[in-house]
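Chemist: Give me coordinates for this.
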Amino acid sequence: MPVEIIPLPRLALAFIPPLMVVCVFYWWSLRTGSVFYAFFRMLVQLMLVGYALVWIFAVEFAWVVLLLTAGMVLISTWIALRTVAQHRRQLYAVTMLSILLGGGGVLILVTQWVLDLEPWYRANFFIPLAGMIFSNSMNGVSLAADRLQAELAVSDYENARAGALRTALIPLVNSLFAVGLVALPGMMTGQILSGVSPLIAARYQIMVMCMLFGAAGLSVILFLCFSRKYFARQDMNNI
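Modeler: Numbering: from 1, shown residues only. Down below sits the predicted model:
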C-alpha cells in the first residue's frame, strides 16, 4: 500500500495547533517573532532538502554523502553551543570531536554492521540515519553544557558533571519508557504506513532507539571529559 500524498489544503490544517500555541505566546506577552521565524526556516529548509535528496538518492555519489555528513557535524556542533555563554569558540573543536566520535562511531556500526549497506554509502539509508544520530547528539551536548554551567555555580565539577549527564539523557530515557506504550516513533510509524509488517518495523525501531541513546550518551560523555579544562576556573571559584 503506497503512502498517500497529502494535498496542500489538508496539510495547511496541521498548522492550526501551532498557531494556537503562538496565540498564547502573544497573549502572555512572550516573543512570537522567533517562533514564526523558526517555522519559516523549517518550511524553507524541508522544501530545499526534499528537492536535494531527490537528486542525491538518484546519483548516490560517495563524496556527496560524506560531504553532507560533514556538514551535519559542523552545523550540529554550532547549534549545540547556542546556550553556552563562555568559551564558545574554544569549545567548538571539543564539541565537534565529541559529536563526531560519539555519533560517527554509532553511525558506522549501524550502517556497516547492523544494516550491512551495499554500497556502504547508500544515500537513502546513510543520510537519514546520520541526521537522526547527529541531531540527538547535538541535543544531548546542548542540554549537558547548559546544565553543567548551572550546576558549577553551586557544586564541584564531579557533581556538576553527573547532573549534566543525567539531564542530557532525560528525554531519551523517557522515550525508552514510552515507546510502544505511549508513542509509536517516526520510523516505525512510517514503515507501518508504507505497508511493512509491524514485527519488521519493531526491529528497525529497536535499532533506532539503541542508536539514538548510544550516540547521544557517548557524545555527552566525551564532551564532559574533553571540556573540563574550560570549566576549571568556574569550578575553582566555587571552592
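
Chemist: Please count neighbours and contacts with C-alpha atoms only from this point.
Modeler: Noted.

Chemist: What ranges does this protein have for its helices?
Modeler: Along the chain, the stretches classed as helices by DSSP state H are 8-12, 16-27, 33-59, 62-80, 88-109, 123-152, 157-178, 186-193, 198-226, 228-236.

Chemist: winner for burial among those?
Modeler: Most buried of those, by mean neighbour count (mean count of other Cα atoms under 10 Å): helix 123-152, with a mean of 23.

Chemist: quick revisit: any chance of the helices of the chain in JSON lines, plus distance to residue 116 and mean pLDDT?
Modeler: As requested, those are arranged in JSON lines below (distance: least, Cα to Cα, whole Å; pLDDT from 0 to 100):
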{"stretch": "helix 8-12", "distance to residue 116": "36", "mean pLDDT": "89"}
{"stretch": "helix 16-27", "distance to residue 116": "40", "mean pLDDT": "91"}
{"stretch": "helix 33-59", "distance to residue 116": "18", "mean pLDDT": "87"}
{"stretch": "helix 62-80", "distance to residue 116": "16", "mean pLDDT": "94"}
{"stretch": "helix 88-109", "distance to residue 116": "9", "mean pLDDT": "94"}
{"stretch": "helix 123-152", "distance to residue 116": "11", "mean pLDDT": "94"}
{"stretch": "helix 157-178", "distance to residue 116": "25", "mean pLDDT": "93"}
{"stretch": "helix 186-193", "distance to residue 116": "18", "mean pLDDT": "74"}
{"stretch": "helix 198-226", "distance to residue 116": "13", "mean pLDDT": "93"}
{"stretch": "helix 228-236", "distance to residue 116": "37", "mean pLDDT": "68"}
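
Chemist: Switch those over to JSON lines, and while doing so, append distance to residue 115 to every line.
Modeler: Below are those laid out as JSON lines (distance: least, Cα to Cα, whole Å):
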{"stretch": "helix 8-12", "distance to residue 115": "33"}
{"stretch": "helix 16-27", "distance to residue 115": "37"}
{"stretch": "helix 33-59", "distance to residue 115": "18"}
{"stretch": "helix 62-80", "distance to residue 115": "17"}
{"stretch": "helix 88-109", "distance to residue 115": "9"}
{"stretch": "helix 123-152", "distance to residue 115": "9"}
{"stretch": "helix 157-178", "distance to residue 115": "22"}
{"stretch": "helix 186-193", "distance to residue 115": "15"}
{"stretch": "helix 198-226", "distance to residue 115": "10"}
{"stretch": "helix 228-236", "distance to residue 115": "36"}
